[in-house]
Each structure stands twice: as C-alpha cells, then as structure tokens.
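[1] return atomic coordinates for the entry below.
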Amino acid sequence: MVEKIYNGSYQEYSSMYDSNVIMTMRDGIKLSSDIFFPSLNGKKAPGPFPVVLERTPYDKTASRAHSKGNYFARRGYICVIQDVRGRFKSEGEWYAFADEAEDGHDTVEWLAKQDWCNGKIGTMGGSYAGSDQAALATLNPPHLSTMIIDVGASNYFHSSMRHNGTVEQRFLIYIFRMAASSKEALNDPGLRNELIRIYNEDMESIINKFPLREGTTILNRLPSYEKWAIDIQTHGEYSEYWHKRGYSPDKYYQEHADVPTLYLGGWYDSYARNTCESYIKLSKIKETDQFLLMGPWTHGQYEVTFSGDLDFGNDSQINFNDLKLSWFDKYMKDMYTSFSDGQPVRYFTMGGGDGNIKRDNPFTDELIHQGGIWKSSNDWPIPNTTFTNYYLNSNGKLLLDKPNKIDLEFSSFTFDPKDPVPTIGGGISAASGYIEPGGYNQVAGSRFVGSRDNLPLKSRHDVLSFETEVLNKEVEITGPIKIKLFISSSAIDTDFTAKLLDIHPVSDNYSSGLELNITDSIIRCRYRNGFVNPEFMIPNEIYSVEFELYPTSILIKKNHKIGLHISSSNWPRFDVNHNTGGSLGLDRDYIVANQKVYHSIQNPSYIVLPLQ
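    Now for the predicted structure:
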C-alpha cells in the first residue's frame, strides 16, 4: 500500500498590502485593517482566495503582525489584520475583552462580500486574539469556515480574570502595560512616557498596594481602562456583568458556530483549563472536527523548549507557522496535510528527565532537564483514565489509604493576609517581569515579587506540606485534577490554595533535591457553594470545599515523590483575602485567620489525580 504524501501551500507569490482599510460595524463605528494580498510582478494576483483574519489589540502594524500577513499572502491566502475597537487606528472606546462578538461577526461578513474572497474565512490569533474568535463564533457568522484558537478563553470568570472567586491580578498589571499604547497615550507623548516609566520602575510598588482604587493611579487619566480594572476587581459574583459573549463564550455554546477548530495551549499557560474545557464541551456537541494540542509551554511560547526553569528537550517545540498553514490548507483548500491523519488530541507528557542542570547552550540561563514526550489520544480526558484519590494524612503524608483512627484530626496554620505566600511560577501570562510563569523549584528569592527570604516555601509556617512515600515505580498524571478539602477558619471568609509538586531526590546539582510546581489553584470560601450567591462561614465550623486545579500531563519518575502544598494565599498571582468578609476590591481592613485542614475518618481531605 502506497502512503499518501502530505500536500501544502508553498511560496508561489510575492505579497503586497492595503493599509487602514475601513470596515463599518453595525453601530457605525469604523474599524481599521491592513489587508495582505498575494501578488505577482508588483500587482495583486487574480483571485479569489481564502481569507485568514486576526483581530488584535496589539497593533496591526507591529512587525510580527506584518510577518504573519506576508507569510500567508505568499502562500495563496489573503490575510487581514485588524485593530480591535478603540485601539490604534480603529474608532470607538476599548473596554477589554467583553464586547468583541459583534465586531468579529460583522468583520467576517464584510470580508465575505469582497470580490477577492472565495467565501472561505478562517480566523487565527492567540490570547486576546484567541478569545475574540471564541466570542464572534457565538454569533455563528455564516461565512466562518474554521478557527485556530490559541490560548483563548471559554470563560473569563471561572479561570482567567477571576479564578474560583479570586482576582487574577496579572490583569491589573496588564492594563498598565496596555495603557502605554492607548489612544490617550499615543496622542500625548508626555502621558505615554510617564506610563512607560511607571510600568518599568514603579509597577512593583503598585502591586504591593493592590487592589487598585479608583482615582489613585495614573489610570485615572484613561477612564475606560481604569473602569475595566475596577470592574473585574469588584464584580465577584457570576452576574450579568460576566455574561457578555466576550467574557463567557461557553454560555453560548449551543449557538456557537459548528466549524473545524484547533484549540492550542500549554500546561504552564494561564488558559490551560479554558483551552481544554473548550475542546471538551464543543467536541461533544458539534459535528465538525475539533482538535486539541497541549504542550509544556507558557503563554504562546510554542517555539521554545523551556517553561520557567524547566527544559523539556528539542522535540517539545513546534513551528507555529507551519502548524497554522497545515490546518488552513486542510480546511480551506482541501489539501491532505498532517491534520488529515492521526487522532484529534495531541499532548506533551512532561517528565522523565534527570533533573540536572542543562548547560548545552552557554548563552541561555541554566535550566533543569525535565524532559518529556508527545502522545496522542482520541479524546480528552484520556479514555480509561483512573481517577485516584490521594488522601491527606497526619505527619505530612499523602497516601492512597484513607485516614484511620490513630491519625491526628487536622493540621493547622495561621494566615496573615499582610504576609502572603509568594507566587513562584504557575500558569500565568501578561505579567512577566513581575509574576513569572512556568515551573520552578519552590524556593523564594528576589526574582519572585513578594519573597522576603531565600527559603523553601514549605519552611513557612502557613504552608502545609504533604508527600507520598518515595515511588517504587513511575506514575503518569494526565488530565483534569480536583481537590476536596474539609476546612475550618476563625474567619467568616478566607481562601485555600493547593499546589501539586514533582519532588526530585537529591542530585549532583541539588543537594536538597527539587520541589517543582506542576499545577495549582485556589478557592474563595464565600463561593464554596456557587458563584451567584456568596455564603459566609460560621467561624470554626467545618465545611467542605471542592475546586479544580489546571489540567496537566507529567510523568513522576521512580524514586521521586508526589507533593502537595496547602495554604491560603498565592500572591501576587491572586488577590489576598482580607478575611473580613468585606466588599471585594474595596475593603481596607485585614484580619489574621486561624485555619484548619482536616484529615480524619469523618472529614477525609483528598486530591483526585488522573492516573494513566
């Protein structure tokens, strides 16, 4: 039998572009786009052609945007890069993320009417430009043909801007960065220079004073930017505010376009849970091909081999342009490509490396060799996954056996919101330089905002550490992860955090071994029974809280341990609970809380790991 050979568009054209092409939206606002055309001998090639659209708040004239435009135009696509409403050359007011659906729909349908469009329109883009695709798809534009959504949202309330009731403070940093390229700043060089200076020199001081307060920072000179930041801080319930299509695409999945879609993300990305949930939900209710690709990456870093201090080997990276071209060639040109074969889920299982320092390249930082391999599946979560309870036990043990009579009833600690546990890596984006994404040995230090020493996190009085025995065989954890804790607090409202760890033994490079973060999460207790109606606790009564950590795929090697940290803060990634029950984002009082985590026969706390 002769194997079929992959086809693909090759560079058979030159490219040229029209700048600042105006498209009028349903409310009369004019949005500006740069449109890249295939060309021959200095003239636009005769069409029509399929169209690739990206809608961005990050400047359509940026070099990376033009690089994409030229790449696709030279391979027989028309590529459209559009400034979203209120950014750069597009009219209107920018209110981040919430209201992108209608503009996206109208842009797709405007493109379909042009004589150079063959009626097939695909969308692409990452982060904001991934999420605005999800938003427009909820309006099901008739001429939308396919999408590549990389690191985009299914729901910003549940695990992005807010996270199980807390605020993801990276977005408060993000809004300062975006302010420097606001229309106000671009029209006022003095304002722009001051915004840049503040972001580079004063941002850590501003972080230390979070939450933001109206009128107290330079954002008061950019009212829509300040309003958005205050709004996401103070809208703690899942109310109408969060029901907008740009915030909650998953609320509209029944109306969502049924088109082939590739969902792309990374285990150390801030959208890891969103990416997997988009695939899970839409693959079950849509007829067209839905694909999921998850690597070991941080936010959008597909073409590097490391996340934080962890290196996963040369095979962990991809050529992103090649990947996108292969997808669009299949679904808009009917070519036989790499997406014509294989299974719809491809994921990278981290781990298997020796944990020593990798020094292959003298021009890069020293990295820990974590290793890993690619795998495929016909679905996610992986069929036949064994969801296994690991129980918290006395003396810091994490065991398959439930607690027994001789175990202590609880472990306790004191949580002082003025001395939170510092963030050391994790699934983070939009805040590099202040909140670092990726995997790290869980030891505090000056590169991590909030650190006050250089000691392991588990040495803190407010971090409970649980570990398995040394593994006598390797264990693969691949899939979604949940935890159930039985807790009590002296406060009427407080937070609990969970962080899963790969604990390496002592090695030549690490005399104390390594504790590498895999995934983590948090729960605000007033939302333990749902996010619509908060319920305060009665001090010192026992409650159960259940919450989801970000999904992952990792091989824990023989002679390693599986570890779990429980605490009440992870700052500055998440806002600190003041423990008062006061108004979110507005309360100025703080109370120290006495926390208990139970591990008894009656109240067995456990984490559910997806074992393969």
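
[2] remind me which helix or strand Ile35 belongs to.
    strand 30-40 (DSSP states H and E).

[3] sheet-wise, list the partners of that strand with their directions.
    Applying DSSP bridges, strand 30-40 is found paired with strand 14-24 (antiparallel), strand 43-44 (antiparallel), strand 78-83 (antiparallel).

[4] export these to JSON lines and tack on distance to Phe387 and mean neighbour count?
    From N, CA and C alone the C-beta is placed, and that goes for glycine too. Formatted as JSON lines, these follow (distance: least, Cβ to Cβ, whole Å; neighbours: other Cβ atoms under 10 Å):
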{"stretch": "strand 14-24", "distance to Phe387": "48", "mean neighbour count": "16"}
{"stretch": "strand 43-44", "distance to Phe387": "56", "mean neighbour count": "14"}
{"stretch": "strand 78-83", "distance to Phe387": "43", "mean neighbour count": "27"}
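
[5] return the set of residues that bridge with the nearest residue to Phe37 once chain neighbours are set aside.
    Leaving out its chain neighbours, the residue that sits closest to Phe37 by Cβ to Cβ, 6 or more residues apart in numbering is Lys44, at 4.6 Å. Applying DSSP bridges to Lys44 gives these bridge partners: Ser39.

[6] you'd agree Lys44 is up against Asp18?
    No - contact criterion Cβ atoms under 8 Å: Lys44 and Asp18 do not qualify, at 9.1 Å.

[7] shared neighbours of these two, anything?
    Common neighbours of Lys44 and Asp18, using Cβ atoms under 8 Å, 6 or more residues apart in numbering, are Phe37.

[8] follow-up on the earlier one: quick one: the strand holding Ile35 to chain centroid distance?
    A distance of 30 Å separates the centroid of the chain from that of strand 30-40, by Cα atoms, centre = their mean, to the nearest Å.

[9] again, but for stretch 162-182
    That offset, for stretch 162-182, works out to 13 Å (Cα atoms, centre = their mean).

[10] same check on stretch 531-542?
    On Cα atoms, centre = their mean, the centre of stretch 531-542 falls 28 Å from that of its chain.

[11] using the three-state scheme, assign Phe148.
    Just to correct that, residue 148 is Ile rather than Phe. Look at Ile148: counting by DSSP: H, G, I helix; E, B strand; the rest coil, its state is strand.

[12] again, but for Leu191
    Classification of Leu191 by three-state DSSP places it in helix.

[13] run a quick neighbour tally on it.
    The tally of other residues near Leu191 (other Cβ atoms under 10 Å) stands at 18.

[14] again, but for Ser521
    Neighbour tally, Ser521, other Cβ under 10 Å: 25.

[15] bridging residues for it?
    Ala498.

[16] contacting residues for it?
    Going by Cβ under 8 Å, 6+ apart, Ser521 touches 163-164, 483, 497-498, 547-550.

[17] and the residues you listed, which two are the farthest apart?
    His163 and Ile483 (14.1 Å; Cβ to Cβ).

[18] which helices and strands does the helix or strand that contains Met350 pack with?
    Using DSSP H and E, Met350 falls within strand 345-351. Under the contact criterion of 3 or more Cβ pairs under 8 Å, 6 or more residues apart in numbering; DSSP states H and E, strand 345-351 touches strand 290-295, strand 372-377, strand 475-489, strand 543-556.

[19] low-confidence ranges in the stretch 301-450 of the chain?
    Residue ranges of the stretch 301-450 of the chain with pLDDT under 70: 358-365.

[20] all helices for it, in order.
    320-333 (DSSP state H, counting those that start in this stretch).

[21] now the helices and strands packed on strand 345-351 in JSON lines, with mean neighbour count?
    Formatted as JSON lines, the helices and strands packed on strand 345-351 follow (neighbours: other Cβ atoms under 10 Å):
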{"stretch": "strand 290-295", "mean neighbour count": "23"}
{"stretch": "strand 372-377", "mean neighbour count": "16"}
{"stretch": "strand 475-489", "mean neighbour count": "22"}
{"stretch": "strand 543-556", "mean neighbour count": "21"}
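
[22] my guess is Met350 meets Lys557, correct?
    No - applying Cβ under 8 Å, one finds Met350 not in contact with Lys557, separated by 11.1 Å.

[23] between these two, point out the one with more neighbours.
    Between Met350 and Lys557, counting by other Cβ under 10 Å, Met350 is the more crowded of the two (30 against 19).

[24] OK, contacts around the more buried one?
    Contacts of Met350 by Cβ under 8 Å, 6+ apart are 267, 296, 310, 312, 370-372, 552-555.

[25] partners of it in the sheet?
    Gly372, Ile554.

[26] what's the spacing between it and Gln612?
    13 Å (Cβ to Cβ, to the nearest Å).

[27] kindly report the same for Glu226.
    Glu226 is 47 Å from Gln612, by Cβ to Cβ.

[28] what's the answer for Pro344, then?
    In this view, Pro344 and Gln612 are 18 Å apart by Cβ to Cβ.

[29] still on that earlier bit, how about TSV for the contacts of Met350, with distance to His504 added?
    Converted to TSV, the contacts of Met350 look like this (distance: Cβ to Cβ, whole Å):
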residue	distance to His504
Trp267	18
Pro296	17
Leu310	11
Phe312	15
Gln370	9
Gly371	12
Gly372	15
Thr552	17
Ser553	18
Ile554	12
Leu555	13
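
[30] may I ask which two of those residues are separated the most?
    Gly371 and Thr552 (14.9 Å).

[31] so where's the protein shaky on pLDDT?
    1-2, 358-365.

[32] how's it carved up into domains?
    Residue ranges for the domains of the chain, per automatic domain parsing: 14-155+248-377, 162-241, 386-582+589-611.

[33] confirm Thr107 sits in a strand?
    No - under three-state DSSP, Thr107 sits outside any strand and is assigned helix.

[34] number the chain from 11, please
    Fine by me, first position is 11 from now on; the one you just mentioned is Thr117.
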